[in-house]
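1. okay, predicted coordinates and the sequence, questions at the end:
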Amino acid sequence: VVAKKGSAAYDTSKAAANHLVRELAIELAPLVRVNGVAPATVVQGSAMFPRERVISSLAKYNIAYSDDEPSESLTHKLAQFYADRTLLKRPITPGEQAEAVFLLLSQRLRQTTGQVITVDGGLHEAFLR
C-alpha cells in the first residue's frame with residue numbers, strides 16, 4: 001500500500017499477492033483456509049543481504065560505516081536503521097515471521113481466512129487509511 005519511486009515491480013507484485021490471498025480464500029472455501037504474512041525488511045539471516053548489498057544500502061541511506069567493519073556489525077546497523085523507521089524500533093527476525101505463519105497454520109486462528117497478517121514492527125506508512 002506504500003508506493004515508492006523505483007519500486008513498481010516489487011510493490012505491484014506485493015499488491016497482487018495480497019489480493020490473491022482474498023481470491024483464493026473465496027475460491028477454496030470452505031475446505032481450505034488461505035491467509036498470508038506480510039513481513040517488514042528482515043535483514044538477519046537473509047540471503048538478500050550479502051555484505052555488498054548491506055554496504056550499498058548503508059551508503060544509500062548515509063549511514064556511517066568503515067570498509068573494515070565486520071559484516072555482522074554492518075548488518076546490525078542496517079537492520080537497526082530499518083527498525084528505527086517503525087513504531088516498535090526493533091528489528092524483525094526470521095523467528096518472528098515464522099511465529100506468524102505458525103499461528104495461521106495452527107487451530108488458534110481456524111476461523112480466519114482471506115487475511116494478511118503484517119509483521120513489521122508498526123510501519124505506520126503502511127497502515128491502511
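-> Done, it's in. Residues are numbered from 1 along each chain as shown.
2. for this structure, just list every one of the strands.
-> For the chain, the strands identified by DSSP state E occupy 35-39, 115-119, in order along the chain.
3. mind listing what Ala79 touches?
-> Contacts here follow C-beta atoms under 8 Å, 6 or more residues apart in numbering; on that basis Ala79 touches Thr41, Val43, Gln44, Pro91. C-beta: built from backbone N, CA, C; applies to glycine.
4. with adjacent residues omitted, what lies nearest to the first one?
-> Taking C-beta to C-beta, 6 or more residues apart in numbering as the measure, Thr41 lies nearest to Tyr82, with 4.5 Å between them; neighbours along the chain are not counted.
5. how does this structure divide into domains?
-> Following the TED database, one finds the domains of the chain at 1-39+87-128, 41-85.
6. got these as a markdown table, with mean pLDDT columns?
-> As requested, these are arranged in a markdown table below (pLDDT from 0 to 100):
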| stretch | mean pLDDT |
| --- | --- |
| domain 1-39+87-128 | 93 |
| domain 41-85 | 93 |
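7. about what we covered before: the residue nearest to Thr41 and Pro91 touch, don't they?
-> Yes - counting by C-beta atoms under 8 Å, a contact exists between Tyr82 and Pro91, whose distance comes to 6.8 Å.
8. who touches both of the two?
-> With contacts defined as C-beta under 8 Å, 6+ apart, the residues shared by Tyr82 and Pro91 are Val43.
9. which one's more surrounded, the two?
-> For Tyr82 against Pro91, the residue with the higher neighbour count under other C-beta atoms under 10 Å is Pro91, and the figures read 22 against 19.
10. so that one sits against Ser46, correct?
-> No - in this structure Pro91 lies outside contact range of Ser46 using C-beta under 8 Å: 11.2 Å.
11. from Ile55, how far off is Thr75?
-> If you measure Thr75 against Ile55 using C-beta to C-beta, to the nearest Å, the figure is 10 Å.
12. quick one: contacts for Leu123?
-> For Leu123, the residues meeting the contact criterion (C-beta under 8 Å, 6+ apart) are Val2, Ala40, Arg85, Thr86, Leu87.
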